[in-house]
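Student: Can you look at this prediction? I've put the sequence above it.
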Amino acid sequence: MKPNTKAVIKFLQSNKGVNFTSTDVATALGLDVKVVNGTFTGAIQRKGLGVRVPATIEVEGVAKEVKYLQLTDEGLALDVDAIETVDAK
């Protein structure tokens, strides 16, 4: 598993029940939002470890559609430290 994948999963595991967008996760981890989106889609969502949950929030009086990144029960239970880290080539 790549280091960014581990970082995203660990972050979401440690913040279970809190809604985070990919921008929120990217900011918290110091990653580019494109990296978080790609990691979540390719390494987490496609493997059934996470889902994107659509929601509507209000920003300065305007409704805005967002998607929150959430781990499935399998993703929450995953011990990423027990999985070998591979280079992000």
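Tutor: Nice, thanks for sending it over. Numbering: from 1, shown residues only.

Student: moving C-terminal of the helix with the most length in the chain, what's the next helix or strand?
Tutor: Assignment by DSSP state H gives helix 3-14 as the longest helix of the chain. Going down the chain from helix 3-14, the next helix or strand is helix 22-29, by DSSP states H and E.

Student: what helices or strands is that next one leaning on?
Tutor: Packing partners of helix 22-29 (3 or more C-beta pairs under 8 Å, 6 or more residues apart in numbering; DSSP states H and E): helix 3-14, helix 33-39, strand 62-71. Every C-beta, even on glycine, is put in place using the N, C-alpha and C of the backbone.

Student: Would you mind saying which of those lies nearest Val51?
Tutor: For the helices and strands packed on helix 22-29, proximity to Val51 was assessed by C-beta to C-beta; strand 62-71 is nearest, at 5.7 Å.

Student: The closest one versus helix 3-14: what angle between them?
Tutor: Angle of strand 62-71 versus helix 3-14, following axes from the mean of the first three to the mean of the last three C-alpha atoms, to 10 degrees, is 100 degrees.

Student: Many thanks, have a good one.
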